[in-house]
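Undergrad: sequence and predicted structure below; questions after.
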Amino acid sequence: MSFFLKRNGLMKEMAPLYSKSRLIRAARDGHAENPDESLLMQQVKSVSSVFIDVDMVRDYYGDEIAIYFEWMNFLQKWLLLPAFCSIVVFIGNATVFDLTTSPLAGLFSILMSVWGTIYLVSWRRHCRSLDVLWDDAN
């Protein structure tokens, strides 16, 4: 398939997601007999770990994949405020206010607009700090 794509000019080159084989990475992590027992795989499969160690992902896959996991960790932390506010709005609408005349819905909408703006600014700032931390000039 790749030969066909290269021959017809649809693909210039093909590169693997990571360059080392599973056995070499497993030997480096100290699990030469079973590559699925690496430290990263143990953390991913663990039920108790909420956030993935981005440094391990970066060492394993590179910067392009690590930035996605960094974004996911950042988003999970930032979603705690809207989750708490939505629970308060739900309880307020269920007990105190009527759903159609509730002032909490408008307040929640304004809060989500402000939260979204602050989240984007904070993510951009966090990306710039990652550029400095990871020595990425691009």
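TA: That came through fine. Owing to the predicted nature of the structure, the values given are computational and were not obtained by experimental measurement. Numbers count the residues shown, from 1 in each chain.
Undergrad: next secondary structure after the worst-scoring helix or strand of the chain on mean pLDDT?
TA: Between all helices and strands in the chain, the lowest mean by mean pLDDT, DSSP states H and E belongs to helix 22-29, at a mean of 58. Under the assignment DSSP states H and E, the closest C-terminal helix or strand after helix 22-29 is helix 39-45.
Undergrad: how about that next one as PDB, C-alpha atoms only?
TA: Extracted in PDB, the C-alpha atoms of helix 39-45 (Å, rounded to 0.1, in the frame of the first residue of the first chain):
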ATOM      1  CA  LEU A  39       6.200   1.800  34.000                       C
ATOM      2  CA  LEU A  40       4.100   3.800  31.600                       C
ATOM      3  CA  MET A  41       1.800   0.900  30.800                       C
ATOM      4  CA  GLN A  42       1.400   0.200  34.500                       C
ATOM      5  CA  GLN A  43       0.400   3.800  35.100                       C
ATOM      6  CA  VAL A  44      -2.100   3.900  32.200                       C
ATOM      7  CA  LYS A  45      -3.700   0.600  33.300                       C
END
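Undergrad: buried stuff in the following helix or strand past it?
TA: Counting by DSSP H and E, the element after helix 39-45 in chain order, helix or strand, is helix 54-61. Residues of helix 54-61 classed as buried under the neighbour-count rule (16 or more other Cβ atoms under 10 Å) are 54, 56-58, 60. For the C-beta atoms, the positions are set from N, CA and C on the backbone; glycine is no exception.
Undergrad: now swap in stretch 96-114 and tell me
TA: Neighbour-count burial for stretch 96-114, counted by 16+ other Cβ under 10 Å, picks out 102, 104, 108, 111.
Undergrad: of those residues, closest to residue 118?
TA: Closest approach to residue 118 among the buried residues of stretch 96-114 (Cβ to Cβ): residue 111, at 10.4 Å.
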